[in-house]
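Student: below is the sequence, then the predicted model.
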Amino acid sequence: MKTILTGLLFAMLWASASVATKFGILSAPPLVLGNLRFFIAGFVLLGFCYLISRDKQYRLPTYSEWKQLSIFGFLNTTVYLGLYVYAMKYTAAGIGSLATSTNPLIIVLLSSWLMGRKPAKAEIFSIIIGMAGIGLATYPLLKSSNTSILGVTVLMISMIAVSFASVYYARVKWTLPNLLINGWQVALGGIFLLPFTIAMSDFSTIQFDNRLIYSVLWLSLAVSVVGLICWFYLLKIDTVKASLWLFLCPLFGFFYAWWLLDEPITLYTIAGTLLVVTGLYIGQRKKLGV
């Protein structure tokens, strides 16, 4: 029961990121919103590890670990989340949540490429079905101001970046605790993003209102802290079955977008989501022994 509740909480929190981002960018430029999120999340996680817990396992990284954390933070936070936040300015919230769920499919192809093995037909088929689902769900939104080709393109580049980050994370033999890894990678990623934020953002448009405050706190504390703690817990129990909870993210994501942003749920939305979920199932079926 604890695992089920944790999985549901993870899916609900993870799927809320796109809607919270859509609210936040109404009060601040996307990269400013991203940097605020990363620095707050890093401060909370590292503050807990070093100031509150003071457990001996929460030590400073070694030289080689700094390099690993920097690479992971650059890929997972600077590139992935930086592009994701920027893309949400030009993409519907529901599409953002739907695209996130394709991460396991892209990881399969990247892993095959890096390991020098030929992807199985089922793996290739799952990618095609998943991407077709995103295209189908996106199609009617391209006619409105909610979504643009630029937004979808940037969004998919961010998905490739996080897939690279996931593959890199899996290939490193980490000796640091998960909380410390997440705390340092998000803080370092925020530092690497800062020059781009300064160069590309119009700071005169920032409105320090409740909408910005609530969005930043939700993204940093609920999503980046609590959501990732849930994810690491699920990975620790069963790495393969943990990915099953990503199946629920599009469902929660479209519900939040409809409920909070009045984004339409059409037959295209339903059919596209079903295709993505089907692609996820096909891609994960062999690992699950189904």
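Tutor: Perfect, thanks for sending it. Residues are numbered from 1 along each chain as shown.
Student: so which residues of the stretch 51-200 of the chain form helices?
Tutor: Here the stretch 51-200 of the chain has its helices, by DSSP state H, counting those that start in this stretch, at 63-73, 82-87, 93-100, 103-115, 121-138, 149-171, 178-200.
Student: out of those, which gets nearest to residue 250?
Tutor: Nearest to residue 250 among the helices of the stretch 51-200 of the chain is helix 93-100 (4.6 Å), distances taken as C-beta to C-beta. For the C-beta atoms, the positions are set from N, CA and C on the backbone; glycine is no exception.
Student: let me see the mean pLDDT of the closest one.
Tutor: Average pLDDT, helix 93-100: 86.
Student: so which of the helices of the stretch 51-200 of the chain is nearest residue 57?
Tutor: Of all the helices of the stretch 51-200 of the chain, helix 178-200 sits nearest to residue 57, with 8.0 Å by C-beta to C-beta.
Student: ok, then the element right after that closest one?
Tutor: Counting by DSSP states H and E, the next helix or strand C-terminal to helix 178-200 is helix 210-217.
Student: could you name the helices and strands sitting against that following helix?
Tutor: helix 17-24, helix 30-47 (3 or more C-beta pairs under 8 Å, 6 or more residues apart in numbering; DSSP states H and E).
Student: residues touching that helix, excluding its own?
Tutor: 20, 21, 23, 24, 26, 27, 28, 33, 36, 37, 40, 206 (C-beta atoms under 8 Å, 6 or more residues apart in numbering).
Student: quick check: the farthest pair among those residues?
Tutor: 26 and 40 (18.9 Å).
Student: these two: which is more packed in?
Tutor: Each of residue 26 and residue 40 has its neighbours counted (other C-beta atoms under 10 Å); residue 40 has more, 20 against 13.
Student: now render the helices of the stretch 51-200 of the chain as JSON lines, adding mean neighbour count and distance to residue 261.
Tutor: As requested, the helices of the stretch 51-200 of the chain are exported to JSON lines (neighbours: other C-beta atoms under 10 Å; distance: least, C-beta to C-beta, whole Å):
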{"stretch": "helix 63-73", "mean neighbour count": "17", "distance to residue 261": "30"}
{"stretch": "helix 82-87", "mean neighbour count": "26", "distance to residue 261": "16"}
{"stretch": "helix 93-100", "mean neighbour count": "27", "distance to residue 261": "6"}
{"stretch": "helix 103-115", "mean neighbour count": "18", "distance to residue 261": "23"}
{"stretch": "helix 121-138", "mean neighbour count": "19", "distance to residue 261": "15"}
{"stretch": "helix 149-171", "mean neighbour count": "18", "distance to residue 261": "15"}
{"stretch": "helix 178-200", "mean neighbour count": "20", "distance to residue 261": "25"}
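Student: low-scoring stretches of the stretch 1-150 of the chain, by residue?
Tutor: Within the stretch 1-150 of the chain, the ranges that satisfy pLDDT under 70 run 114-117, 144-145.
Student: hmm, 80 instead?
Tutor: For the stretch 1-150 of the chain, residues meeting the criterion pLDDT under 80 lie at 1, 54, 101-124, 126-127, 140-146.
Student: buried among the contacts of helix 210-217? Need that as a selection in PyMOL.
Tutor: Burial among these is assessed by 16 or more other C-beta atoms under 10 Å; the matching PyMOL selection reads:
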select buried, resi 20+21+23+24+27+28+33+36+37+40
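Student: pick out whichever of the contacts of helix 210-217 sits closest to residue 230.
Tutor: Distance to residue 230 across those (C-beta to C-beta) is lowest for residue 20, with 16.4 Å.
Student: to residue 251, which of the helices of the stretch 51-200 of the chain lies closest?
Tutor: Nearest to residue 251, of all the helices of the stretch 51-200 of the chain, is helix 93-100, at 9.0 Å by C-beta to C-beta.
Student: can you tell me what sits against the closest one?
Tutor: Residues contacting helix 93-100 (C-beta under 8 Å, 6+ apart): 14-15, 17-19, 21-22, 84, 87-88, 133-134, 137-138, 141, 147, 152, 155-156, 159, 246, 249-250, 252-254, 256-258, 261, 263, 265, 269, 272-273, 276.
Student: again, but for stretch 179-190
Tutor: 34-35, 38-39, 41-46, 48-49, 57-58, 61, 69-70, 72-74, 76-78, 81-82, 174, 176, 224, 228-229, 232.
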